[in-house]
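Undergrad: attaching a predicted model along with its sequence, questions to come.
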Amino acid sequence: MTQTDGLPIHLTHVDPDQNMARFYEMSIQPTLFGEASLFRNWGRIGTRGQAMMVTYLEADEAVAAVAKLERQKRRRGYR
């Protein structure tokens, strides 16, 4: 895989005024068939949250998806 130096990524968004305490996690794992799976987990801090897995044919596609999601989350206030 390429450019996975910063993985897994763990972001949080906490705003006590709005009673908001959220997390968002992303990681890339290889599959048995040479593909790459992007695992995402999100929810309220202190809960298990929800999870989603998307499989890409190439690891570069998964890395690009992580970069895009990270940009989106950081624009929304995750740190």
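TA: Perfect, I can see it now. Residues are numbered from 1 along each chain as shown.

Undergrad: now do the contacts for the nearest residue to residue 30 once chain neighbours are set aside.
TA: Using Cβ to Cβ, 6 or more residues apart in numbering and skipping residues adjacent in sequence, the residue nearest residue 30 is residue 36, 6.0 Å away. Yep, even glycine has a C-beta here, placed from its N, CA and C like the rest. Residues in contact with residue 36 (Cβ atoms under 8 Å, 6 or more residues apart in numbering) are 1, 28, 29, 30, 55, 56, 58, 59, 61, 62.

Undergrad: closest to residue 12 among those?
TA: Distance to residue 12, by Cβ to Cβ, is smallest for residue 28 among the contacts of residue 36, at 20.1 Å.

Undergrad: next, count neighbours for the closest one.
TA: Close neighbours of residue 28, defined as other Cβ atoms under 10 Å, add up to 20.

Undergrad: backbone phi and psi for the nearest residue in space to it that is not next to it in sequence, please?
TA: Take residue 28 and drop its neighbours on the chain: the residue closest to it by Cβ to Cβ, 6+ apart is residue 62, 4.9 Å away. Note on residue 62: backbone dihedrals following degrees, to the nearest 10 are phi -70, psi -40.
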